[in-house]
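Trainee: I'd like to go over a predicted model; first the sequence, then the structure.
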Amino acid sequence: MNWYYADGGRQVGPIEETALDELVRSGLVRDDTLVWREGMPNWQPHGTVRAPKPPAPMPAQLIPDTAYCSECGRPFPAAQLVPIGNASVCAQCKPVFLQRIREGGQSLGVRRYAGFWIRFVARVLDGVILGVVLAVVNIPVQMMVGLGSIRGDQAGALPLVFGLLGFMILVDFALGFAYEVYFVSTRGATPGKMILGLKIIRSDGGPLSVGQAVGRYFAYLLDGFTMLIGFIIAGFDEQKRSLHDRICDTRVIHVK
């Protein structure tokens with residue numbers, strides 16, 4: 001298809017469609033430049049008769065696969081991790097990982113799952129830490145309400161005591177919830193576990209999100225309604241999983 005275009009009051013052409021496209025790209029032919037081809041009743045602006053062609057699609061950028069370091073649990077492009085046996089570690093963790101292997105503290109590429117007793121000790125440590133925090137919060141609350149001045153013979157004392165206890169239970173639950181979710185989602189472990197060198201991971205080695213940490217906390221509470229069987233089964237599972245680990249597909253491993 002041959003085209004003509006106006007340039008400074010003179011007619012230029014005929015030119016082929018591809019040549020006209022080149023003139024458009026170079027800026028010589030603009031949207032207000034008059035053009036004409038056979039079959040058109042009169043000259044019209046280029047922008048009216050020839051809609052702009054859609055740009056050529058950009059080549060899709062390849063998104064590198066994301067993998068997690070078996071040691072620190074941080075995400076990396078898979079190509080940046082160093083495979084060692086069945087494990088994949090980042091450059092920062094590689095020296096420590098290899099040193100533990102040389103010292104015989106870790107089998108090549110095998111996770112060391114935390115057993116029942118060390119997790120029990122970690123929970124005791126968390127209980128002590130959280131107990132101190134709760135005491136700091138609860139004692140001022142008791143003082144403000146004046147619990148110490150309540151006498152059993154005062155009218156209305158009993159409802160006030162029960163109301164105070166209910167309020168403190170809610171505060172204790174909220175603090176325990178926040179304690180667990182914050183540390184698990186941001187540090188990968190509660191302070192008690194961090195002291196003992198433990199870390200909570202997903203089955204693929206990745207860290208837990210806030211939503212997953214919330215779900216794991218409530219699943220942990222569910223263990224208490226099973227006459228503690230949910231905790232005890234960790235001692236008989238090859239990956240040392242408690243009931244809440246099974247529900248949320250998590251593992252507790254040694255990182256030291």
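Mentor: Looks like it came in fine. Residues are numbered from 1 along each chain as shown.

Trainee: quick one: L222 and I247 touch, right?
Mentor: Yes. With contact defined as Cβ atoms under 8 Å, L222 counts as touching I247 (7.5 Å). Where you see a C-beta, it was placed from the backbone N, CA and C, and this is true even at glycine.

Trainee: Neighbour count: these two, which is higher?
Mentor: Using other Cβ atoms under 10 Å as the criterion, L222 and I247 rank with I247 on top: 17 against 13.

Trainee: what kind of secondary structure is that one in?
Mentor: Assigned with DSSP: H, G, I helix; E, B strand; the rest coil, I247 falls in the helix class.

Trainee: quick one: contacts for it?
Mentor: Contact analysis of I247 by Cβ atoms under 8 Å, 6 or more residues apart in numbering lists 215-216, 219, 222.

Trainee: R241 now?
Mentor: R241 neighbours (Cβ under 8 Å, 6+ apart): 233-234, 250-251.

Trainee: With C72 instead?
Mentor: 90, 92-93, 255.

Trainee: Let's have these in JSON lines, adding secondary structure.
Mentor: Output for these, formatted as JSON lines (three-state DSSP):
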{"residue": "C90", "secondary structure": "coil"}
{"residue": "Q92", "secondary structure": "coil"}
{"residue": "C93", "secondary structure": "coil"}
{"residue": "V255", "secondary structure": "coil"}
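
Trainee: just the residues you listed now: which is nearest D32?
Mentor: Nearest to D32 among the contacts of C72, counting by Cβ to Cβ, is C90 at 58.1 Å.

Trainee: quick one: contacts for that closest one?
Mentor: Counting by Cβ under 8 Å, 6+ apart, C90 touches 69, 71-72, 74, 76, 80-82.

Trainee: Show me which of the residues you listed are buried.
Mentor: With burial judged by 16 or more other Cβ atoms under 10 Å, the buried subset of the contacts of C90 is 69, 71-72, 76, 81.

Trainee: Just those: which are in strands?
Mentor: If you go by DSSP state E, the buried ones among the contacts of C90 have F76 in strands.

Trainee: If we only consider the buried ones among the contacts of C90, which is nearest to L164?
Mentor: C72 (44.4 Å).

Trainee: Strands of the protein, residue ranges please.
Mentor: Applying DSSP E to the chain gives strands spanning 2-7, 10-16, 34-36, 44-45, 66-68, 75-77, 82-84, 87-89, 198-202, 250-254.
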